[in-house]
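Student: Sequence and computational prediction follow.
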Amino acid sequence: MPPPPQRRGASTGLKIFVGVLALALVVGALGVVLLVTRVLGDEELPLAGDGPSGGPSSAPQGEAADPPPGEVALLGKTWGSGEDTYTFELDGLQPFRGPDYWGCMQMESSAESARWACTDDGGTFPTEPRHEPPSVGRIESIACPAPCDVSDRGTLAEHAGSFAGLVPRMRALDERTWWIDVPAEGEDGPTPMAMARSYDSDGDDEPDHVLMVFLSAHPEDVEVAGKTMRDLYDRQR
């Protein structure tokens, strides 16, 4: 049996970049604008961050959820048992699988919210993205009084943190989940996708947090980005 993958560190240059981006996150919506520029119509998509957070790439335990509603093609596939995945263990979230060449670094943590920046870091040290420009993303967990009800768009906006600007463009998949994706412009363009989902963080069967996820996938990463989103959907119950 091969040994479990080692944790990967972030390069000094990217640590500095993450530090600069962390300053932007302090001002709220600006932090998300840096990551969702493609969704909002700007031309450039900056690198989000680098470095992993998680454990070995064994699949998380638990039953898979029913297929998500809404006929979202990007959520139609799940990770197979033989695929090269990395299990991310982010504080406050159930472990979920992503590509083994992606990494996430925590940007902020408080009693009310936590944020991570993610990117294709190549799974190497020094980092070397597998694709250029690399896929980037952001994950945010925001506390919401239990039972957290985000079935109404207005209520979702109140608990969407710095993702609030995206809420008017999202559509409901079910009473706990909202979604948006934008088709890539041309063969080389990124495909952005975002999901909002209320979930139970402490096992008492009452949703008490809102998960906000944004991914902008390189053309060759669109399928694995969709599988990662699906795993986040399935695991955060």
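Tutor: That came through fine.
Student: Give the burial count for the closest residue to Ala172 other than its chain neighbours, as a bare number.
Tutor: Spatially, and ignoring its direct neighbours in sequence, Ala172 is nearest to Trp178 (5.5 Å; C-beta to C-beta, 6 or more residues apart in numbering). (C-beta placed from N, C-alpha, C; glycine too.) Around Trp178 there are 26 other residues, counting by other C-beta atoms under 10 Å.
Student: Then Thr155?
Tutor: Number of residues near Thr155 (other C-beta under 10 Å) recorded here: 16.
Student: Surely it is in a helix?
Tutor: Yes - counting by DSSP: H, G, I helix; E, B strand; the rest coil, Thr155 is part of a helix.
Student: Would you check that it makes contact with Asp149?
Tutor: Yes - Thr155 is within contact range of Asp149, at 6.1 Å (criterion: C-beta atoms under 8 Å).
Student: ranges for the strands of this structure?
Tutor: In the chain, the segments counted as strands under DSSP state E are 54-55, 85-88, 96-99, 102-109, 113-120, 136-143, 171-174, 177-181, 191-199, 209-217.
Student: Sheet-wise, list the partners of the third one with their directions.
Tutor: By that I understand strand 96-99. When pairs are called by DSSP bridges, strand 96-99 turns out to pair with strand 85-88 (antiparallel).
Student: quick check: mean pLDDT across the strand it pairs with?
Tutor: Mean per-residue pLDDT for strand 85-88: 95.
Student: for Ser113, what are its contacts?
Tutor: Contact analysis of Ser113 by C-beta atoms under 8 Å, 6 or more residues apart in numbering lists Glu140, Ser141, Ile142, Ala143, Gly161.
Student: Tell me how many other residues crowd the second one.
Tutor: Ser141 is flanked by 24 other residues according to other C-beta under 10 Å.
Student: ok, now how distant is it from Glu112?
Tutor: 10 Å (C-beta to C-beta, to the nearest Å).
Student: can you check the third one too?
Tutor: When C-beta to C-beta is the yardstick, Ile142 and Glu112 sit 7 Å from each other.
Student: Give me the more crowded residue out of these two.
Tutor: Of the pair Ile142 and Glu112, Ile142 is the one with more neighbours under other C-beta under 10 Å, namely 21 against 11.
Student: my guess is that one contacts Ser162, does it?
Tutor: No - the pair Ile142 / Ser162 is not scored as a contact, 9.2 Å apart, by C-beta under 8 Å.
Student: measure Gln94 to Glu185 for me?
Tutor: For Gln94, the distance to Glu185 equals 34 Å [C-beta to C-beta].
Student: before we move on, what about Arg130?
Tutor: 22 Å.
Student: again, but for Pro168
Tutor: Pro168 sits 21 Å away from Glu185, going by C-beta to C-beta.
Student: same question, Trp79
Tutor: 28 Å.
Student: Between the two, tell me which one has more neighbours.
Tutor: A direct count of neighbours by other C-beta under 10 Å for Trp79 and Glu185 places Trp79 higher, at 20 against 11.
Student: Please report how far that one lies from Arg235.
Tutor: Trp79 sits 11 Å away from Arg235, going by C-beta to C-beta.
Student: can you check Gly203 too?
Tutor: Gly203 is 13 Å from Arg235, where distance means C-beta to C-beta.
Student: same question, Ser162
Tutor: Relative to Arg235, and taking C-beta to C-beta, Ser162 is found at 23 Å.
Student: repeat for Ala172
Tutor: According to C-beta to C-beta, Ala172 stands 20 Å off from Arg235.
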